[in-house]
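A.B. asks: My questions are about this predicted structure, shown below with the sequence.
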Amino acid sequence: MASLPKRIIKETERLITDPVPGITAEPHDDNLRYFEVTVEGPVGSPYENGIFQLELYLPDDYPMEAPKVRFLTKIYHPNIDRLGRICLDVLKTNWSPALQIRTVLLSIQALLASPNPNDPLANDVAEDWIKDEEAAKQTAKKWSKLYATPKQ
Amino acid sequence: MCNTEEHNIETANAEDSEERRESRAQFQELFEQFGRNNPQFNPELIELFQNMLSPLLQSQWHPEDREKGCSQEFIDSLPRVPRNKVPLTDTCSICFERFGNDNYPLLAQLPHCGHIFDLQCISMWLSNQVTCPMCRDVVNGHKVQDLDTSKAELEEDWGMYG
């Protein structure tokens, strides 16, 4: 494995000292490229009050290559499939090394606030979303309550 | 944009039957003949169709499209920026290091947008990409003006790099 570039250390430090509201990201003890992430569902979205767990991995070529991010919590969203893979331009073709962990996670939070059923990853969800948006949102809300509610 | 199939392509390809390979070759031929180079067709439609192909097929059919990134010549021709021309508290947005942390920083400026990076950082990015990390400007898409690198190299600090 490549050594840990200074940039990753800096990003990690800042994530801890100056965290993004509604988002936590902590590196794993024995792999500092692997982060355990939580994202709060945006207020006003069907994911509100949900806390979603994600994993984020910085590949050896980071920041020349985008972080690999995946939802671990089950979520009903047209751009996130049942394996938790996310369809988001900045994670693929629109990655830039000037982006960073925090900006990527903010983009993911924004994706929760504005699903894009016209560029689907989960086709069945996208179809539902286009057919009956209100019903789809209800399902998303139900799933959030079921899977993304923190255990007391 | 997101192709869930891409994860399975390599295995699927290995198991291809002779028959499938043959029809794929025919398909490719038709595509070349009627689609790609035919001015009668709407280029947007062709692009759309091309994007429907799996990435593996795209690169097999059009190896020239795979050569992305800027040429070494282009990267070498990027104007250098002397240390006294940048605020020393500015950071390289690729490595997050302050330009001022290095007594002899090797900085390069992108031609059109003017964004400045460590030469090493931006070289690595541009060897595979053509956009500015800050503004996504297509850096080699502008007409290359005569970049006078000989002059830049005469400026102070440059005797260091022989």
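C.D. replies: Everything's here; your move.
A.B. asks: does B:N140 count as helix, strand or coil?
C.D. replies: The three-state assignment at B:N140 reads helix, by DSSP: H, G, I helix; E, B strand; the rest coil.
A.B. asks: which residues sit in contact with A:L146?
C.D. replies: Each residue near A:L146 by CB atoms under 8 Å, 6 or more residues apart in numbering or on different chains is listed here: A:K74. In short, each C-beta sits where N, CA and C put it, glycine included.
A.B. asks: name the element it belongs to?
C.D. replies: helix A:133-147 (DSSP states H and E).
A.B. asks: average model confidence for that helix?
C.D. replies: The average pLDDT within helix A:133-147 is 97.
A.B. asks: So in chain B, where's the weakest helix or strand by average pLDDT?
C.D. replies: Using mean pLDDT, DSSP states H and E, helix B:9-14 stands out as the lowest-scoring helix or strand of chain B, at a mean of 44.
A.B. asks: And the helix holding A:L146, what's buried?
C.D. replies: The neighbour-count check on helix A:133-147 (16 or more other CB atoms under 10 Å in any protein chain shown) flags A:136-137, A:139-141, A:143-144 as buried.
A.B. asks: of all these, which comes closest to B:L110?
C.D. replies: Relative to B:L110, the closest of these is A:A140; by CB to CB it sits at 41.9 Å.
A.B. asks: ok, for that closest one, nearest residue in space, not its chain neighbours?
C.D. replies: A:P46 (3.7 Å; CB to CB, 6 or more residues apart in numbering or on different chains).
A.B. asks: would you turn the buried residues of helix A:133-147 into JSON lines with distance to B:F99?
C.D. replies: Converted to JSON lines, the buried residues of helix A:133-147 look like this (distance: CB to CB, whole Å):
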{"residue": "A:A136", "distance to B:F99": "49"}
{"residue": "A:K137", "distance to B:F99": "48"}
{"residue": "A:T139", "distance to B:F99": "51"}
{"residue": "A:A140", "distance to B:F99": "46"}
{"residue": "A:K141", "distance to B:F99": "49"}
{"residue": "A:W143", "distance to B:F99": "48"}
{"residue": "A:S144", "distance to B:F99": "45"}
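A.B. asks: How confident was the prediction at the closest residue to A:T149 other than its chain neighbours?
C.D. replies: Of all residues not flanking A:T149 in the chain, A:G50 sits nearest, at 6.7 Å (CB to CB, 6+ apart). Looking at A:G50, its pLDDT is 97.
A.B. asks: residue contacts, A:G50?
C.D. replies: Residues near A:G50 by CB under 8 Å, 6+ apart: A:40-41, A:73, A:144-145, A:147-149.
A.B. asks: same thing with A:R102?
C.D. replies: Applying CB under 8 Å, 6+ apart to A:R102 gives the contacts A:11, A:14-15, A:20, A:23, A:25.
A.B. asks: Can stretch A:76-96 be said to contact chain B?
C.D. replies: Yes: using CB under 8 Å from any CB of the partner chain, stretch A:76-96 reaches chain B at A:79, A:81, A:85, A:87, A:89, A:92-94, A:96.
A.B. asks: most surrounded residue in those?
C.D. replies: Among the residues of stretch A:76-96 next to chain B, the one with the most neighbours (other CB atoms under 10 Å in any protein chain shown) is A:N79, at 26 neighbours.
A.B. asks: returning to what we had before: let's verify the residue nearest to A:A140: helix, strand, or coil?
C.D. replies: When classified by three-state DSSP, A:P46 comes out as coil.
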